[in-house]
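S.K.: structure for this input, please:
(one chain, ligands or ions: 2)
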Amino acid sequence: MADMPIIDHDKCQQCGLCASICACGALVADEKGSVSIIEVEKCGWCTLCELVCPYGAISCPFEIVIERKPDQD
Ligand code: SF4
Ligand code: SF4
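M.R.: Ligands and ions are numbered 1, 2, ... in the order given. Next comes the predicted model:
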């Protein structure tokens, strides 16, 4: 299974911001703002959820590598 953003539920304040900004629908907040569902097949690994969380409750354990093909110089 691919690496996914990790939610630290001890730090999460259930603001729902990460779910609202996730364009892929991989994060889902319930009516109380609790983010508890991550659908791996939807995640686009953009890391926005980690960037926007005001409480540092999400970490993205993956690294984005952009490779250039030899004929792209
Ligand atoms: S943005 Fe952070 S604090 Fe808000 S719901 Fe997401 S993980 Fe929790
Ligand atoms: S990394 Fe991007 S696509 Fe994946 S859950 Fe976070 S905001 Fe959504």
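S.K.: pLDDT score for the nearest residue to residue 48 once chain neighbours are set aside?
M.R.: Once flanking residues are discounted, residue 48 sits nearest to residue 21: 5.4 Å by C-beta to C-beta, 6 or more residues apart in numbering. The way it works is simple: take the backbone N, C-alpha and C, and place the C-beta from them, glycine included. With respect to pLDDT, residue 21 scores 93.
S.K.: please apply the same query to the one 4 residues further on.
M.R.: Residue-level confidence at residue 25 comes out at 88, pLDDT.
S.K.: same question, residue 63
M.R.: On pLDDT, residue 63 comes in at 77.
S.K.: one step back: gap between the residue nearest to residue 48 and residue 69?
M.R.: 31 Å (C-beta to C-beta, to the nearest Å).
S.K.: and for residue 14?
M.R.: For residue 14 relative to residue 69 (C-beta to C-beta), the value is 44 Å.
S.K.: more neighbours: the two, which one.
M.R.: Neighbour count, other C-beta atoms under 10 Å: between residue 14 and residue 69, residue 14 has more, with 15 against 6.
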